[in-house]
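Chemist: I'll drop the sequence and a predicted model, then ask my questions.
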Amino acid sequence: MLRMVGAFIAGGFFGGGLFISGMTDTTKVQGWLDVFGAWDPTLAFVMGGAMIPMFIAWAIVRRRTTSVLGTTFPPKPSTKIDRNLVAGSLMFGMGWGLAGLCPGPSIAALSYGGTGLYVFVAAMITGMAIAPFLRTRLLERAVPAE
């Protein structure tokens, strides 16, 4: 129960930060990506503001074995650049550029979004649900069975 309360509070801070910084506004995100037009550097400050506390958090985690709530920490992410990472990054970037949203801000914007946002979130959830199945099917075709 305490873990869920902690997650709820952390999620509230995350969503509030996205809202206050304007990252739930699709035109602001698309302005960041428009480097040859009306470029908006706001996202760089938001990224910097996120990286600083994360740097501190990772420094603390290196010295601990369990979290404050008593759970173990997830393993460090892989640094390997492979086909899955490149394909996923390309798809994420294209979707982000076209829609001006990624998963975090889209969930944070649900409270005031419109039809377009609801369609985006439904498509995002559908993509997350079918991605493991598609990955398995595509890998089966790419690597012939012996």
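Modeler: Nice, I can see it.
Chemist: identify all contacting residues around stretch 92-107.
Modeler: Under the contact criterion C-beta atoms under 8 Å, 6 or more residues apart in numbering, stretch 92-107 has outside partners 14-15, 18, 23-30, 33, 109, 113, 117, 120-121, 124. Quick note: C-beta positions are derived from backbone N, CA and C, even for glycine.
Chemist: ok, of those residues, which come out buried?
Modeler: The neighbour count (16 or more other C-beta atoms under 10 Å) marks 15, 18, 23-26, 28-30, 109, 113, 117, 120-121, 124 as buried among the contacts of stretch 92-107.
Chemist: so what's K28 up against?
Modeler: When contacts are counted by C-beta under 8 Å, 6+ apart, K28 is found next to G22, D40, T42, L43, G100.
Chemist: among the contacts of stretch 92-107, name the ones in helices.
Modeler: Where those overlap with helices, as defined by DSSP state H, the overlap consists of 14-15, 18, 26-30, 33, 117, 120-121, 124.
Chemist: alpha carbons of stretch 38-57, as CSV, please.
Modeler: Extracted as CSV, the C-alpha positions of stretch 38-57 are listed here (Å, rounded to 0.1, in the frame of the first residue of the first chain):
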residue,chain,number,x,y,z
ALA,A,38,10.0,29.0,-35.0
TRP,A,39,12.4,27.0,-32.7
ASP,A,40,11.4,27.0,-29.1
PRO,A,41,14.2,26.0,-26.7
THR,A,42,12.0,25.5,-23.7
LEU,A,43,12.3,21.7,-23.9
ALA,A,44,16.0,21.9,-23.4
PHE,A,45,15.5,23.6,-20.0
VAL,A,46,12.9,20.9,-19.0
MET,A,47,15.3,18.1,-20.0
GLY,A,48,18.1,19.8,-18.0
GLY,A,49,15.8,20.2,-15.1
ALA,A,50,15.0,16.5,-15.2
MET,A,51,18.6,15.3,-15.7
ILE,A,52,20.0,17.1,-12.7
PRO,A,53,17.8,15.4,-10.1
MET,A,54,18.2,12.1,-11.9
PHE,A,55,22.0,12.4,-11.8
ILE,A,56,21.7,12.9,-8.0
ALA,A,57,19.3,10.0,-7.7
